[in-house]
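**Student:** Got a predicted structure here, sequence first:
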Amino acid sequence: MTARRRKGLMIATAAASMFGLGMTLSATLVHAGSGSVHPGPMSRADAFARAQALTALGRKMFFDPSLSASGKQACSSCHDPHHAFGPASAAPVEMGGPHLDQPGLRAVPSLRYLQAVPAFTEHFYDSEDEGDESVDNGPTGGLTWDGRADRGRDQARIPLLSPFEMANKDAAAVAAGLRKTAYADEFKAAFGDAVFDHPDDAFDAAAEALGTFEQSAAEFYPYSSRYDAFLAGKAALSAQELHGRALFEDETKGNCASCHLSEPANDGEPPQFTDFGLIAVAVPRNPAIPANADPAYVDLGLCGPLRTDFHGRSEYCGLFRTPTLRNVALRKSFFHNGYFHTLRDAVAFYASRDSDPGHWYPKKADGTIRQNDDLPKAYWANLNQDPPFGKKPGDKPALTDPEIDDIVAFLHTLTDADQLAEH
């Protein structure tokens, strides 16, 4: 088992335990305006009832386009429940802003299976023996492609104020929008009659309600895929799917499971299909993203431009968070920049990024390959070189075409049951 894989098994267990505690604390400590702190401590039954109330409130907000500057864009506009709370379109970025004419900078991620993502840390230490900090796995955790939000309520703030998303001017604009909704009285019941008199607190409360909704189990982490049923001994996989799984886990072939964990955690928690790490894989530059029309613009992930606290940290440039592969077969664009539009191409890129770079990257005027064209050469040392990467041009790729097909077949078993019914 690789170091990254051990890390993922350990951290998934710890994060899941933290999540269970977090829900109780969140339900107990939610507050909004002056004098509106919810009485505490609450009983477990009261805390559960409050969490249910916030979930219902967050659900209404999630589907409400009136909370955007355009009046036409809800959270669900980009995070479609019929597409595992990811985008329905194949566009690499979505349009937003007051007039829905401002393009985003990155592909929209799915909001499913984020409940176990731990808070961001620069250094996650893996150890075979407790107390032996033996392996530093580097940046781990956090939400969004660059891990800059630690909790659901922190992440929920971003699109509400982003100029190319829901584009509210400030917290007061969000509070004013909430005051006009049909559920304004429910909001006051949850957070206090004076909540709208304190815009910053109302904004915090809105983020809390959205974050609570996005942790609801039935909608966001049902674990209802055929692969989950297979692990429980209640379903079978075909010979092709089983072979794809073997290739997915084989450290000399796909080696996908080194980052996309496919085994249950130590406590029996279903596999998350991510180790929550941030790595650099040098996906080709996507000319379909308007920002990329400027040759000086480069999305460097963890070191900027959207994340600012690590600006100038060259060792972090080009790193993006490893997403879960659950429901990945539903996506119509892949990776942080949406460059690929088929799951097969995404898998094939891993298999031959280094052995056949001319297949993936454009050529310069002199005919040479513009390898790793969306990552400045100064940061190439950050590139992941674990198998199937690390080969030289002309080498035999790690996977044959039939083997790529088998891995794709396996990935199709990760689609949740409710999503299969939709498609």
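**Tutor:** Arrived safely.
**Student:** so how far is stretch 114-122 off the chain centroid?
**Tutor:** Relative to its chain's centre, stretch 114-122 lies at 10 Å (C-alpha atoms, centre = their mean, to the nearest Å).
**Student:** So the residue lying farthest from the centre of the chain: helix, strand or coil?
**Tutor:** Largest separation from the mean C-alpha position in the chain: residue 366, at 38.6 Å (C-alpha atoms, centre = their mean). Under DSSP: H, G, I helix; E, B strand; the rest coil, the three-state class of residue 366 is coil.
**Student:** What does it show for phi and psi?
**Tutor:** Note on residue 366: backbone dihedrals following degrees, to the nearest 10 are phi -90, psi 0.
**Student:** ditto for residue 396
**Tutor:** Dihedral pair for residue 396: phi -70, psi 130, per degrees, to the nearest 10.
**Student:** I'd like to know how far the nearest residue to it once chain neighbours are set aside sits from residue 348.
**Tutor:** Excluding its sequence neighbours, the residue lying closest to residue 396 (C-beta to C-beta, 6 or more residues apart in numbering) is residue 355, at 6.9 Å. (C-beta placed from N, C-alpha, C; glycine too.) According to C-beta to C-beta, to the nearest Å, residue 355 stands 11 Å off from residue 348.
**Student:** What's the end-to-end length of stretch 173-193?
**Tutor:** Across its full length, stretch 173-193 reaches 18 Å between end residues, using C-alpha to C-alpha, to the nearest Å.
**Student:** Stretch 60-69 now?
**Tutor:** Start and end residues of stretch 60-69 are separated by 17 Å (C-alpha to C-alpha).
**Student:** what does it contact?
**Tutor:** 71-77, 79, 96-98, 160, 165-169, 173-174, 177-178, 180-181, 183, 186, 206, 209-210, 213-214 (C-beta atoms under 8 Å, 6 or more residues apart in numbering).
**Student:** in the stretch 101-250 of the chain, which segments are predicted with low confidence?
**Tutor:** 126-134 (pLDDT under 70).
**Student:** residues near the closest residue to residue 82 other than its chain neighbours, how many?
**Tutor:** Excluding the flanking residues, the one nearest residue 82 by C-beta to C-beta, 6+ apart is residue 422, at 4.7 Å. The tally of other residues near residue 422 (other C-beta atoms under 10 Å) stands at 13.
**Student:** Repeat that for residue 57.
**Tutor:** 23.
**Student:** and it, that's in a helix?
**Tutor:** Yes - counting by three-state DSSP, one finds residue 57 located in a helix.
**Student:** Does it touch residue 184 like I think?
**Tutor:** No - contact status for residue 57 versus residue 184: not in contact, 10.5 Å apart, counting by C-beta atoms under 8 Å.
**Student:** check contacts around residue 369.
**Tutor:** Counting by C-beta under 8 Å, 6+ apart, residue 369 touches 357, 358, 361, 362, 363.
**Student:** Pull the number of nearby residues for the residue nearest to residue 396.
**Tutor:** As a burial measure, residue 355 scores 18 neighbours (other C-beta under 10 Å).
**Student:** Surely residue 252 and residue 399 touch.
**Tutor:** No - Residue 252 lies out of contact with residue 399 (C-beta under 8 Å); the separation is 10.5 Å.
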